[in-house]
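Undergrad: I'll drop the sequence and a predicted model, then ask my questions.
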Amino acid sequence: MKIILKSLGILLVTLACIFAVQAQDNKPAQPQSGDLDFASKATASNNFELQAASIALAKSQNANIKQYAQMITDDHTAAGNELSTIVKNKNWQLSTSDDQNYKAMIDKLNNADTANFDRVYTDLMVKSHQDAISLFKDASTGTATTDADLKKFATDKIPAFEKHLDQLKNMQPSDPSISDMPVRPNAPSPTIKNRVPKPTLK
């Protein structure tokens with residue numbers, strides 16, 4: 001009887017150790033330096049792209065702009081869902097402070113008149129994509145992140161973002177006088193009636 005009880009005791013201790021190890025393994029991964037910062041900035045950037053595309057689909061009267069905005073909607077919805085899944089699986093809490101950085105640009109799009117809207121939108125897309133590519137390249141090389149899932153996510157998305165930026169180069173203006181205007185997202189854009197804008201790439 002004593003042998004049986006001793007064996008049961010050993011078994012219970014063993015099971016307790018196993019459950020403790022499993023519980024530890026199931027703990028959410030803790031983000032290292034830069035991981036939360038990148039995830040927060042990437043989420044804010046992605047949300048801005050989606051909001052801007054939604055406004056473009058509603059306000060632009062140019063078929064090329066609408067087609068571009070739809071591509072942005074499709075690609076960035078998928079990217080946003082993928083990043084959201086990574087963050088959710090790790091049980092991370094992201095900062096929303098970066099969202100405020102885009103509020104002025106969203107307001108600018110909402111306030112742009114029809115004749116001037118396309119120019120404002122494409123200028124903002126150039127700036128947004130340049131910033132996003134720089135952010136994601138830093139993450140993909142491990143400069144800004146240490147988390148393997150975030151590195152892979154960033155690496156996988158860079159080609160699409162570069163494609164988005166490259167396609168903006170093909171939106172040529174009808175008026176050559178505006179082709180070399182600088183990209184200034186926070187400055188008022190000139191009124192250009194019935195023109196297809198070409199943003200200036202740095």
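TA: Perfect, I can see it now.

Undergrad: hey, let's count contacts and neighbours off CA atoms from now on
TA: Noted.

Undergrad: shaky segments in the chain?
TA: Judged by pLDDT under 70, the chain has its weakly predicted residues at 1-31, 33, 172-202.

Undergrad: if we go to 80?
TA: Along the chain, the model assigns pLDDT under 80 to residues 1-33, 97-101, 169-202.

Undergrad: List the buried residues of stretch 114-132.
TA: 115-130, 132 (16 or more other Cα atoms under 10 Å).

Undergrad: nope, stretch 159-170 is what I meant
TA: Neighbour-count burial for stretch 159-170 [16+ other Cα under 10 Å]: 161, 164-165, 168.

Undergrad: I'd like the residues you listed laid out as TSV, including secondary structure.
TA: What follows is the buried residues of stretch 159-170, written out as TSV (DSSP: H, G, I helix; E, B strand; the rest coil):
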residue	secondary structure
161	helix
164	helix
165	helix
168	helix
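
Undergrad: which among those gets closest to residue 94?
TA: residue 161 (22.5 Å; Cα to Cα).

Undergrad: can you tell me which residues contact that closest one?
TA: Listed by Cα atoms under 8 Å, 6 or more residues apart in numbering, the contact set of residue 161 reads 129, 132-133.

Undergrad: My guess is residue 73 contacts residue 56. True?
TA: No: between residue 73 and residue 56 there is no contact under Cα atoms under 8 Å: 10.4 Å.
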